[in-house]
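Engineer: predicted coordinates and the sequence they were generated for:
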Amino acid sequence: MGIIEKMRLDGKKAFVTGGARGIGKSVATALAEAGADIAIVDMDMPEAEKTAKWMAGETGRDIFAIKCDVTSPEDVNAMTDAILARFGRIDVAFCNAGICINVPADEMTFEQWKKVIDVNLTGVFLTAQAAGKVMLKQGSGSIINTASMSAHIVNVPQPQCAYNASKAGVIQLTKSMAIEWAKKGVRVNSISPGYIGTELILAAPHLTALIEEWNKIAPMGRLGRPDELQAIVVYLAGDASSFTTGSDFVVDGAFTCF
Ligand code: NAD
């Protein structure tokens, strides 16, 4: 099989958490363009349904929305049941839903800390575990978790200790699952994006005010776009990456190089 053929995902069944918008929406579109059917998993059901309808029209794939809070084990179980009922299997999981709260460490409340860790770390654990259980039975599957460059550096000037800690946790969780499942046909990798122009930043005035400052130190002088993360996830999802597991892929325009 040639390399372009190996990059195709025809017949594969995938879910994308945080798929309603931003990085999740862009990556889900690419997975569908490569041939996969997709469950758009998100807390925001109206937006998830809108995205699923649009994506089905654009790609001609079977795309449907599932309402799920990734911090809830019950929701995650119901998500898996809904996907298996519709698709019969899960080949690709992009565990991507995440949030950021910018508060100094000495002012952060227990609730703020817990919220970020719950969504970004526990949410990835629950959804990757749910996918893993199905994939282990199948004897095959690829899980891709969204970490961040914030797993590697401490971003400045905005304070975000819980976010940084949660994303470092995602990388070690990814490596741990990768080792446990390496001989069982299930691969687990993570991506670590740099600043990407999504609503996570663009809808938060305290962050948009910092874009100019970040761009001054960014080697490429700009934010990344969600579509600039598509190819790495399509690669990790399919057979072209069959020897790739337990790795983290930094896609940040060299932001973390110095
Ligand atoms: P976004 O805010 O545009 O989209 C996040 C999506 O996740 C939303 O649709 C939201 O409804 C959903 N979501 C949030 N909490 C959820 C929950 N508990 N259960 C289910 N869905 C939930 O953000 P984005 O920029 O697309 O970020 C996606 C991922 O990429 C996050 O993990 C984020 O930390 C990571 N990331 C983003 C950047 C960036 O600069 N934008 C950089 C590095 C990493």
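Structural biologist: Alright, I've got the coordinates.
Engineer: ok, for the spatially most central residue of the chain, nearest residue in space, not its chain neighbours?
Structural biologist: Nearest residue to the geometric centre of the chain (C-alpha atoms, centre = their mean): Asn96, 2.3 Å. Distances taken as C-beta to C-beta, 6 or more residues apart in numbering place Thr146 nearest to Asn96, at 4.1 Å, with adjacent residues excluded. Glycine gets a C-beta too; all of them are placed from N, C-alpha and C.
Engineer: and the one you found, how many residues sit next to it?
Structural biologist: 24 (other C-beta atoms under 10 Å).
Engineer: what about the strand ranked longest in the chain, near the ligand?
Structural biologist: In the chain, taking DSSP state E as the definition, the longest strand is strand 186-193. Yes. Strand 186-193 reaches the ligand (C-beta under 6 Å from any ligand atom) through Pro193.
Engineer: pretty sure Gly221 is in a helix, no?
Structural biologist: No. Using DSSP: H, G, I helix; E, B strand; the rest coil, the secondary structure at Gly221 is coil, not a helix.
Engineer: stretch 195-206: end-to-end distance?
Structural biologist: End-to-end distance for stretch 195-206, by C-alpha to C-alpha, to the nearest Å: 14 Å.
Engineer: can you count the residues close to Lys137?
Structural biologist: 12.
Engineer: please report how far it lies from the ligand.
Structural biologist: Distance from Lys137 to the ligand, counting by C-beta to the nearest ligand atom, to the nearest Å: 25 Å.
Engineer: toward the C-terminus, what is the element adjacent to the longest strand of the chain?
Structural biologist: helix 199-202 (DSSP states H and E).
Engineer: and that next one, average pLDDT?
Structural biologist: Mean pLDDT, computed over helix 199-202, is 95.
Engineer: got it, and stretch 36-47?
Structural biologist: pLDDT averaged over stretch 36-47 gives 98.
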